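Any chance you could fold what I've pasted below:
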Amino acid sequence: MSDELRDEVEAINSIYGDGSLVPPAAANDGVYILQLPGDAASSLQLQFPARYPEAGGPPSVLGVQHSSHGIRGAGARDLRLFRAALAEVHQPGAVCLFDAVEEFSRRLDEELEASAAAAEDSDDDKDDREGMNASTRQQDEFAAVDLASLPPPPWTLSEQVVDAKSAFVAHVARVDSPAQARLYVAQLLASDKRIRSATHNITAWRIRGEGAASYQDCDDDGEDAAGGRLLHLMQLMELWDAMVVVTRWYGGVKLGPRRFAVINAVARDGFVRAGMVPESSKGKKK
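Got it, this is the predicted structure:
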């Protein structure tokens with residue numbers, strides 16, 4: 001083992017943790033097991049040339065020792081990324097393992113982020129399709145009704161909120177039956193092209209019927225779980241005989257879980273503006 005290789009082994013183990021670069025249990029001259037850094041990375045078998053780094057080129061990547069936590073395809077992915085990283089950073093006569101590991105980590109992060117973004121885009125496309133279907137159902141239910149001839153619902157609007165280019169606004173109204181709530185939604189979609197073409201129109205309502213009957217329902221309109229969160233907000237605020245429609249125009253920047261806080265915030269603002277908030281709920285947080 002050259003002094004340069006000995007120093008590189010010590011450096012890798014000091015930087016990434018003891019056992020990051022070690023010889024296998026069965027002695028094999030020039031062969032080492034490299035545990036790649038990161039929770040999603042594998043360990044690889046490397047073989048260093050006898051005169052590394054002076055001659056013989058970079059270490060050879062013999063294969064995968066252990067795949068990343070048994071994740072399907074992770075071993076082949078890490079092998080591919082590390083070989084590419086090694087070819088990128090190697091310079092004749094110089095040690096290269098630290099630079100290769102850092103380049104591998106960068107490439108792995110990029111690939112994982114790209115995969116996550118592709119999966120989220122796929123979910124968003126599915127949500128958009130479901131949202132279009134939900135809006136269409138609302139309109140189809142009242143296809144035989146001349147919605148334009150009916151008086152407009154007594155909507156109260158929240159303040160519009162813009163967050164990372166997505167815009168949110170809530171319409172709230174008092175209602176006394178589920179049929180009336182559905183009709184109000186259909187009227188809103190029919191009367192305003194901008195709202196009808198929005199990415200999501202999320203609805204929730206709670207209605208007390210005669211006797212002990214009560215009704216409550218919600219529709220995510222493609223914004224997964226958002227309708228249920230609005231309904232839960234209404235329960236916390238002790239609201240009855242009321243409905244809300246929160247419209248979102250997606251601005252191209254993903255908000256993640258923060259979008260639910262904005263959706264609830266504009267809904268609450270609408271209820272407050274409409275004078276629907278009982279005294280006991282005004283001090284409660286959403």
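
pLDDT weak spots in the chain?
1, 27-28, 38-41, 67-72, 117-145, 212, 278-286 (pLDDT under 70).

Run through the residues that contact residue 149.
Residues near residue 149 by C-beta atoms under 8 Å, 6 or more residues apart in numbering: none. (C-beta placed from N, C-alpha, C; glycine too.)

Now do the phi/psi pair for it.
Dihedral angles of residue 149 (phi, psi; degrees, to the nearest 10) stand at phi -80, psi -10.

Show me the beta-bridge partners of residue 47.
Under DSSP bridges, the beta-bridge partners of residue 47 are residue 31, residue 60.

Count the residues that sit near it.
The local packing of residue 47 (other C-beta atoms under 10 Å) involves 15 other residues.

How much space separates it from residue 24?
If you measure residue 47 against residue 24 using C-beta to C-beta, to the nearest Å, the figure is 11 Å.

and for these two, which residues touch both?
Common neighbours of residue 47 and residue 24 (C-beta under 8 Å, 6+ apart) are 31-32.

all helices for the stretch 51-200 of the chain, in order.
Using DSSP state H, counting those that start in this stretch, the helices found in the stretch 51-200 of the chain span residues 74-89, 97-141, 178-191, 193-196.

List the contacts of the first one.
If you take C-beta under 8 Å, 6+ apart as the criterion, helix 74-89 is touched by 36, 40-42, 44, 58-59, 61, 63-64, 66-68, 96, 99-101, 103-104, 107-108, 111.

which of the residues you listed count as buried?
Buried by 16 or more other C-beta atoms under 10 Å: 36, 41-42, 44, 58-59, 61, 64, 67-68, 96, 99-101, 103-104, 107-108, out of those.

Residue 18: neighbour count?
Neighbour tally, residue 18, other C-beta under 10 Å: 8.

ditto for residue 33
17.

The helix or strand where it lies packs against which elements?
Per DSSP states H and E: residue 33 is located in strand 31-35. Contacts defined by 3 or more C-beta pairs under 8 Å, 6 or more residues apart in numbering; DSSP states H and E place strand 31-35 against helix 3-16, strand 21-22, strand 43-47.

so how far is the shortest one off the chain centroid?
Relative to its chain's centre, strand 21-22 lies at 36 Å (C-alpha atoms, centre = their mean, to the nearest Å).

ok, so what distance separates the most centrally placed residue in the chain from residue 51?
Centroid check for the chain by C-alpha atoms, centre = their mean gives residue 256 as the closest residue, at 4.9 Å. Using C-beta to C-beta, we find residue 256 at a distance of 51 Å from residue 51.

Also residue 190?
Using C-beta to C-beta, residue 190 is found at 79 Å from residue 51.

The two - which one has more neighbours?
The residue with more neighbours, out of residue 190 and residue 51, is residue 190; 18 against 11, by other C-beta under 10 Å.

Once you drop chain neighbours, what's closest to that one?
Distances taken as C-beta to C-beta, 6 or more residues apart in numbering place residue 147 nearest to residue 190, at 4.5 Å, with adjacent residues excluded.

neighbours around that neighbour, how many?
Neighbours around residue 147, by other C-beta under 10 Å: 16.

Contact partners for residue 45?
Residue 45 neighbours (C-beta under 8 Å, 6+ apart): 24, 31-34, 61-65.
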